[in-house]
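Colleague: Model the following, please.
(2 chains)
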There are 2 protein chains.
Amino acid sequence: MPEFSGHVFIGVSVDGFIAKPDGDLKWLTERDLPFEETGYDAFMESVDALIMGRSTYETVLEMDEWFYTKPVFVLSTTLDPSSIERDDVSLHRSIDEVLAAFAAAGLTNAYVDGGATIQSFLRAGLIDTMILSHAPVLIGSGARLFGELTEDIDLELISVGSLPASFTQTKYRVVR
Amino acid sequence: MPEFSGHVFIGVSVDGFIAKPDGDLKWLTERDLPFEETGYDAFMESVDALIMGRSTYETVLEMDEWFYTKPVFVLSTTLDPSSIERDDVSLHRSIDEVLAAFAAAGLTNAYVDGGATIQSFLRAGLIDTMILSHAPVLIGSGARLFGELTEDIDLELISVGSLPASFTQTKYRVVR
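Modeller: Residues are numbered from 1 along each chain as shown, chains lettered A, B, ... in the order given. Take a look at the predicted model:
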């Protein structure tokens, strides 16, 4: 069975939020940062598939077009299976289930997305790298990227630098 | 009256905490980061005095020796004046009071320290620059650096880079 390796690539405010309380993302997306300079494409090339929670999946569904070229594994205990309408999207009820499906498909590297899902995978020791792009703003409240832990998680800095429009980008390896 | 300018220089976990729930700072201080490489001395040179809240002041009092060479303005509504035993430390009951005392002393640049005090000064539009040194760890809970806001606070990146021991250091100008 190939070893599973989870990877995070996410935009976050300097005070640690990934969305405003109402889900608004304008504070992140409406800045003068050309998308092609974020490193997103190279990151997507490096993963085999995506794993995301219900909330992120529903946000993706609201977009004008489907833009993933890799399989999407949705992790949710509540989502109705009828919400899954594409052959390259599958629904899983637990981390164990999604890991089993990942392995059965011969996949190794997952782009793990969404706050709750990232937190669950971090707590389970399933995240290997994190690329955090910090937008130059404090928004005060909303959905947090990180959550409670039962023990510290040490990180090792891979690189840090600036992007256009006062963004920074930090790459960490998770020590586990 | 000289214009007031507040400056932040603080160590923070990647998930945004400045202390563990019990006040522990080992996750920050017990790493292989030589103190002289943090830029603290140059930062201290650039300010006229310190402004800190009760909690930070009490932490400072517990240390073996007094290590500030600049005046300290303590901001607290509750601290007993008998706790102030040095001539270069003064107690103030409100931000307005501390600003008035700062101006009366002909001072301009303040090192604003402590989570609650930093948050109050940010909300009051009194912070000009922030130097954040991120320790490579997620600690999950504790005292947060940033708090609730009534509106977004935009930042402008001055510089970002790495320090030894997987630390990063980010300098922002607060847009106001």
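Colleague: how near is residue A:115 to residue A:16?
Modeller: Using Cβ to Cβ, to the nearest Å, residue A:115 is found at 10 Å from residue A:16. Just so you know, the C-beta spots here come from the backbone N, C-alpha and C atoms, and that holds for glycine as well.
Colleague: same question, residue A:130
Modeller: 13 Å.
Colleague: What of residue A:36?
Modeller: 26 Å.
Colleague: so what's the most centrally placed residue in chain A up against?
Modeller: Nearest to the mean C-alpha position of chain A, counting by Cα atoms, centre = their mean, stands residue A:113 at 2.0 Å. Residue A:113 makes contacts with A:8, A:9, A:10, A:50, A:51, A:52, A:53, A:56, as judged by Cβ atoms under 8 Å, 6 or more residues apart in numbering or on different chains.
Colleague: redo that, cut-off 7 Å
Modeller: Residues in contact with residue A:113, defined by Cβ atoms under 7 Å, 6 or more residues apart in numbering or on different chains, are A:10, A:50, A:52, A:56.
Colleague: What about the second one, how many residues nearby?
Modeller: This means residue A:50. 23 (other Cβ atoms under 10 Å in any protein chain shown).
Colleague: Please, which helix or strand holds it?
Modeller: Assessed by DSSP states H and E, residue A:50 sits inside strand A:49-53.
Colleague: Please enumerate residues in contact with the one helix or strand in chain A whose mean pLDDT sits lowest?
Modeller: Scoring the helices and strands of chain A by mean pLDDT, DSSP states H and E places helix A:54-61 at the bottom, with a mean of 92. Outside helix A:54-61, the residues within contact range by Cβ under 7 Å, 6+ apart are A:74, A:76, A:78, A:79, A:113, A:114, A:116.
Colleague: so that helix versus strand A:49-53, what angle?
Modeller: For helix A:54-61 against strand A:49-53, the angle between stretch directions is 120 degrees (axes from the mean of the first three to the mean of the last three Cα atoms, to 10 degrees).
Colleague: Please give me every residue in contact with residue A:153.
Modeller: A:122, A:174, B:137, B:138.
Colleague: Can you name the residues bridging to it?
Modeller: residue B:138 (DSSP bridges).
Colleague: Spell out which parts of chain A neighbour chain B.
Modeller: Neighbours of chain B within chain A, by Cβ under 7 Å from any Cβ of the partner chain: A:14-16, A:27, A:136-141, A:146, A:148-149, A:152-157, A:160-162, A:166, A:168, A:170, A:172.
Colleague: what are the ranges of the helices in chain A?
Modeller: Counting by DSSP state H, one finds helices in chain A at the ranges A:26-29, A:40-46, A:54-61, A:95-104, A:115-123.
Colleague: if we can go back for a sec, more neighbours: which of residue A:36 and residue A:16?
Modeller: Using other Cβ under 10 Å as the criterion, residue A:36 and residue A:16 rank with residue A:16 on top: 23 against 8.
Colleague: For the nearest residue to the more buried one once chain neighbours are set aside, give me its contacts.
Modeller: Closest residue to residue A:16 apart from its sequence neighbours, by Cβ to Cβ, 6 or more residues apart in numbering or on different chains: residue B:16 at 4.3 Å. Contacts for residue B:16 (Cβ under 7 Å, 6+ apart) come out as A:15, A:16, B:144, B:145, B:146.
Colleague: most surrounded residue in those?
Modeller: residue B:145 (25 neighbours).
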